[in-house]
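Chemist: Structural data only, the sequence is not supplied:
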């Protein structure tokens, strides 16, 4: 075929009005279905894990009965008052806290990785969790916060979580700043906040120190419905904003300049996303302390299975985070019964080796 | 109607002026090649026209409307951009990567119409067989063609391409250059390319813009008038011979000269 004929064919292909894409559309639909199925499976695992978590405790409840008890409590007639008390008063608030923390941290992790275009970004590694943790420690240790009452800790956490956010944004405005520079700035802020949090611990009373310690290791012990209500507000609002930004986040991952030419203001989207991530992280960290690896590992594993389309990756990671945290809680409460290992310790034990394995596997693959 | 009009456009960073007093009008659709030595502001110029960066002073009009009056979504339907080297963070298939270029045309869901446009672009770039492959697992040349496909699916009136043939072998350099020229001839789309290959610019461009240090226009016009031994001597500090290749200037490089600056 002559050069001219090849080119005419190419231009004809581009200008063709009725192109047959039945096969491609079907393949695309199948791909979407696979992603949705993955999310549903993760939700199912989270629900099963929640049932197991509810069955564990000094008052034994059969695994399948836990679902019936929850159903009866909210929609039916309570049949076993003791079991209902155990679940409603102690176990369900704890599990809800774990699920909400998993959703919040994992969704925040996906978005951090997308906006900073770095697989190591999450609220923890960018200092946002440390900022929130410092704000919460300040409120717990000295009662210092810009708000009073039930919201004192969470508002304090949110305000201080904004400091790493501002630093990351300031660095992003610098000429020649790369996503790696932004994450390194976040790590620097993380160390500063961790040092400041340690300083606070030197000046508080032994009782307050114990309270700070129990909270800071990443725990969902002693959760209450009031706490779940506040977390639910933060996580729902934050999650919905991020989910609605999913398509924009897909565009942003092509780079700032490309994004702008496709119709997205990268700086504005990064600002809004970081504010929402701070809000979400503060809403979680204030009640659970620092729980590492959820925000890092969940998006990473889900990305390997369903790819990076944020429209599906955000819900998949959120479901994965919820399942992982619930499973971690089950493990923490069963391995050294009757004592409990804090969930943050378990997630680090599961997440650390898992993350190492993924890095090594990917290196070998490449 | 003026397609692109720049009036006394200057751009610089705090410590360095990159472009100064750049003015030109493009009144007819065509394949326009911007040439010039490294660091002279070629990429800066196309980023200014695409609204990616804002000029320090001067004005830019696209289709007789000041650039600053466009919303980003509106502008993305008028001016598309293909970066010099696409490297996405995302793990996405080639199809999904190209579909990102449809952002301004889409709502939440991807429609069969979007898929049809993406498939047409991939076929036009001869890479429709890569449709389900992972974008980041492709070679640099294949990624370049995916990136051009992503620019095409914006269906804009003007397409800015920063060194679109940089990672391509000679067949694909010719293919992409001729495709862009024919696209312009048959659809009335205006293609701007930054290029270091003077012979490709001479063969395919309808108009050449030559930039010289420090960020000024040396010449603008038909490649036969602009690509001369004198221009290459003045702008590139290179000695060369120009021979006539069926009415097109063909550059035969001889050697480097002492840098004038």
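Modeler: Structure's in. What do you need? Note that the structure is predicted; figures quoted are calculated from it, not measured. Residues are numbered from 1 along each chain as shown, chains lettered A, B, ... in the order given.
Chemist: what about residue A:361, neighbour count?
Modeler: Number of residues near residue A:361 (other C-beta atoms under 10 Å in any protein chain shown) recorded here: 11. Every C-beta, even on glycine, is put in place using the N, C-alpha and C of the backbone.
Chemist: same question, residue A:81
Modeler: For residue A:81, the count of nearby residues is 8 (other C-beta under 10 Å).
Chemist: Pull out the buried residues from the lengthiest helix in chain B.
Modeler: Ordering each helix of chain B by length in residues (DSSP state H) puts helix B:170-187 first. Across helix B:170-187, burial judged by 16 or more other C-beta atoms under 10 Å in any protein chain shown covers B:172-184.
Chemist: what's near enough to touch the residue in the stretch 151-300 of chain A positioned nearest to chain B?
Modeler: Residue nearest to chain B within the stretch 151-300 of chain A (C-beta to the nearest C-beta): residue A:261, separated by 3.4 Å. Residues in contact with residue A:261, defined by C-beta atoms under 8 Å, 6 or more residues apart in numbering or on different chains, are B:50, B:51, B:52, B:75, B:76, B:79, B:80, B:81, B:154, B:160.
Chemist: please redo it, this time with the cut-off set to 7 Å
Modeler: By C-beta atoms under 7 Å, 6 or more residues apart in numbering or on different chains, the contact set of residue A:261 is B:50, B:52, B:76, B:79, B:80, B:81.
Chemist: Filter those residues down to the ones in helices?
Modeler: residue B:76.
Chemist: Of the contacts of residue A:261, which are in range of chain A?
Modeler: Taking C-beta under 7 Å from any C-beta of the partner chain as the test, chain A is in contact with B:50, B:52, B:76, B:79, B:80, B:81 out of the contacts of residue A:261.
Chemist: my read: the second one touches residue A:260, true?
Modeler: Yes - here residue B:52 reaches residue A:260: they are 4.9 Å apart, a contact under C-beta atoms under 7 Å.
Chemist: list the buried ones in stretch A:54-71?
Modeler: A:54, A:55, A:56, A:61, A:65, A:66, A:69, A:70.
Chemist: next one: stretch B:8-22
Modeler: B:9, B:10, B:11, B:12, B:18, B:19, B:20, B:22.
Chemist: how far out from the middle of the chain is it?
Modeler: Stretch B:8-22 sits 20 Å away from the centroid of its parent chain (C-alpha atoms, centre = their mean, to the nearest Å).
Chemist: if we look at chain A, which of the buried residues of helix B:170-187 are close to it?
Modeler: B:178, B:179, B:182, B:183.
Chemist: and for stretch B:24-32, what are the contacting residues?
Modeler: By C-beta under 7 Å, 6+ apart, stretch B:24-32 touches B:2-6, B:180-181, B:184, B:188-192, B:204-207, B:209, B:217, B:220.
Chemist: oh, I was asking about stretch B:2-9
Modeler: So stretch B:2-9 is contacted by B:19, B:21-27, B:29, B:48-49, B:55, B:58-64, B:158, B:190 (C-beta under 7 Å, 6+ apart).
Chemist: tell me the mean pLDDT for that stretch?
Modeler: Mean pLDDT, computed over stretch B:2-9, is 94.
Chemist: hang on, the earlier thing: most neighbours of all the contacts of residue A:261, which one?
Modeler: That'd be residue B:81 among the contacts of residue A:261, by other C-beta under 10 Å, with 30 neighbours.
Chemist: Setting aside sequence neighbours, what's the nearest residue to that residue?
Modeler: Computed as C-beta to C-beta, 6 or more residues apart in numbering or on different chains, the closest residue to residue B:81 that is not its neighbour in sequence is residue A:261, at 3.4 Å.
Chemist: what does residue A:136 give?
Modeler: With C-beta to C-beta, 6+ apart, the residue lying closest to residue A:136 is residue A:157, at 4.3 Å.
Chemist: neighbours of that neighbour, just the number please.
Modeler: For residue A:157, using other C-beta under 10 Å, the count is 30.
Chemist: Assign a three-state SS to residue A:254, would you?
Modeler: Under DSSP: H, G, I helix; E, B strand; the rest coil, the three-state class of residue A:254 is coil.
Chemist: what does the one 3 residues further on give?
Modeler: Per three-state DSSP, the secondary structure class of residue A:257 is helix.
Chemist: Was I right to think it contacts residue B:85?
Modeler: No - contact between residue A:257 and residue B:85 fails when scored by C-beta under 7 Å: they sit 11.5 Å apart.
Chemist: between these two, who's got more neighbours?
Modeler: residue A:257 (18 against 13).
Chemist: The more buried one - nearest residue in space that isn't next to it in sequence?
Modeler: residue B:52 is the one closest to residue A:257 (C-beta to C-beta, 6+ apart), at 4.9 Å.
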